[in-house]
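Asker: Fold the following for me, if possible:
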Amino acid sequence: MITLNDVKAAAEKVSSYVRRTPLWKSETLSKRLGTNVYLKMELFQKTGSFKPRGAFNQMLAREKDVLDKGAVAISGGNFAQGAAYASRVLGVDIIVCMAEDTPKNYVDATRGYSATIDFSPDIQAAFNRYNELAEQGRTALHPFDNHYQMSGAGNVALEIFEDLPEITDLVISIGGGGLISGNTVAIKGLKPQVRVWGVETEGAATMKSAMDAGKVVNIKPTSMSRTLGSPFVAQDALTIAQEHLEGLLIVSDKQAIDAQQLILERTKVLPELAASCTLAAAEKIKDRFGPDDHLVLLMCGGNESVANLVNYAKMN
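Answerer: Numbering: from 1, shown residues only. Presented below is the predicted three-dimensional model:
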């Protein structure tokens, strides 16, 4: 299980490779929710999401002679780009395993960072291929179920606390659980009274399925939020959630889309559904926040395609 010290150690390693993203207060959202609302703009991170923080931390933890054998990653979303970018910067050959139905914008961006893509019929087959390439000697980079990935992702909370020591609430979406694990450990280590709220979309409720079952279970994701589409959560993520989450909130794709539109219109930035769902969740529990609270919504990524936006518009 990672600790605050692990997160701080990761920050020292990766700070020169990643961007320090801004924290914006939104007057519109503050009035809407009746509290002080801030957006942590991790969608301005290089590659458009938080993923490079953990990817760099995973790779920098390895010896050069190990990395010389190459790396392999598994992802159908933002980690593909994060790992590809980190590999290019560090001069490491990488193969990224993907399912054939991965959206074109993710495929094109990953190739743009000089990665080789290995396609499989579906995500489970891609995981099998990933394991096979790792057994052949490549350094395995996991998108969420890895202590270094979690510790690197937790750097976001260090920045939030530095900018807003008054923070009372932090809302984070959950895919495989790496983001919420690192940031929960970090913010609770810095300020134990902060309430951490987890969010999933219907059709991607891996954490809810695991918490209901009391153990990690596999699901087949169907949510339109592809970057939340992990088939399972990490065991450590489940343990951390069981111990520390104030609540786990489930929102519909439609609610996430409506929140995305509101954020775009009022803040002039475009979050992906995995980010906008945090606002949809906060709307559901706005009676839990008072005028003196300081609520942070983690805008974890902004890799949205024009084609998706057109499809979302058809739903309204």
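
Asker: Okay, strands next: where are they in the stretch 101-250 of the chain?
Answerer: 116-120, 139-141, 169-173, 195-201, 245-251 (DSSP state E, counting those that start in this stretch).

Asker: and those strands, which is most packed in?
Answerer: By mean neighbour count, with neighbours taken as mean count of other CB atoms under 10 Å, strand 169-173 ranks first of the strands of the stretch 101-250 of the chain at a mean of 28. For every residue, glycine as well, the C-beta is placed using N, CA and C.

Asker: what's the closest of the strands of the stretch 101-250 of the chain to residue 187?
Answerer: Judged by CB to CB, the one of those that comes nearest to residue 187 is strand 169-173, at 5.7 Å.

Asker: for that closest one, packing partners?
Answerer: Strand 169-173 sits against helix 178-190, strand 195-201, helix 273-284, strand 294-298, with contacts defined as 3 or more CB pairs under 8 Å, 6 or more residues apart in numbering; DSSP states H and E.

Asker: Backbone torsions only: list them for residue 174.
Answerer: Dihedral angles of residue 174 (phi, psi; degrees, to the nearest 10) stand at phi -130, psi 120.

Asker: Wait, residue 248 touches residue 198, no?
Answerer: Yes: when contacts are counted by CB atoms under 8 Å, residue 248 is listed as touching residue 198 (4.6 Å).

Asker: Would you mind listing the residues touching both of the two?
Answerer: Shared contacts of residue 248 and residue 198 (CB atoms under 8 Å, 6 or more residues apart in numbering): 174, 207, 241.

Asker: ok, now how distant is the first one from residue 118?
Answerer: From residue 174 across to residue 118, the span is 27 Å (CB to CB, to the nearest Å).

Asker: Out of the shared contacts of residue 248 and residue 198, which is nearest to residue 286?
Answerer: The closest of the shared contacts of residue 248 and residue 198 to residue 286 turns out to be residue 174 (CB to CB; 20.3 Å).

Asker: What is the neighbour count of the closest one?
Answerer: Number of residues near residue 174 (other CB atoms under 10 Å) recorded here: 30.

Asker: My read is that it contacts residue 233, right?
Answerer: Yes: assessed by CB under 8 Å, residue 174 is found in contact with residue 233 at 6.9 Å.

Asker: before we move on, back to that, export the strands of the stretch 101-250 of the chain to JSON lines and append columns for mean pLDDT and distance to residue 87.
Answerer: Below are these laid out as JSON lines (pLDDT from 0 to 100; distance: least, CB to CB, whole Å):
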{"stretch": "strand 116-120", "mean pLDDT": "96", "distance to residue 87": "10"}
{"stretch": "strand 139-141", "mean pLDDT": "97", "distance to residue 87": "8"}
{"stretch": "strand 169-173", "mean pLDDT": "98", "distance to residue 87": "25"}
{"stretch": "strand 195-201", "mean pLDDT": "98", "distance to residue 87": "29"}
{"stretch": "strand 245-251", "mean pLDDT": "98", "distance to residue 87": "33"}
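
Asker: Same list as before, those strands that is, but in JSON lines and with distance to residue 163 included.
Answerer: Formatted as JSON lines, the strands of the stretch 101-250 of the chain follow (distance: least, CB to CB, whole Å):
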{"stretch": "strand 116-120", "distance to residue 163": "37"}
{"stretch": "strand 139-141", "distance to residue 163": "29"}
{"stretch": "strand 169-173", "distance to residue 163": "13"}
{"stretch": "strand 195-201", "distance to residue 163": "17"}
{"stretch": "strand 245-251", "distance to residue 163": "21"}
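
Asker: Figure out which of the ones you listed is closest to residue 92.
Answerer: Of the strands of the stretch 101-250 of the chain, nearest to residue 92 by CB to CB is strand 139-141, at 7.7 Å.

Asker: Now residue 11: closest residue in space that isn't a chain neighbour?
Answerer: residue 155 (4.7 Å; CB to CB, 6 or more residues apart in numbering).

Asker: For residue 141, see how far away that neighbour is.
Answerer: Counting by CB to CB, the gap from residue 155 to residue 141 is 17 Å.

Asker: Domain-wise, how is this structure divided?
Answerer: 4-50+148-315, 52-145 (automatic domain parsing).

Asker: ok, for the residue nearest the centre of the chain, nearest residue in space, not its chain neighbours?
Answerer: By CA atoms, centre = their mean, the mean C-alpha position of the chain lies nearest to residue 179, the distance being 4.9 Å. Spatial nearest neighbour of residue 179, excluding adjacent residues (CB to CB, 6+ apart): residue 153 at 4.9 Å.

Asker: Please verify my assumption that that neighbour contacts residue 185.
Answerer: No: Residue 153 lies out of contact with residue 185 (CB under 8 Å); the separation is 10.0 Å.

Asker: Give me the more crowded residue out of these two.
Answerer: Taking other CB under 10 Å, residue 153 and residue 185 do not tie; residue 153 has more neighbours (31 against 26).

Asker: which residues sit in contact with that one?
Answerer: Counting by CB under 8 Å, 6+ apart, residue 153 makes contact with 50, 51, 53, 54, 178, 179, 181, 182, 183.
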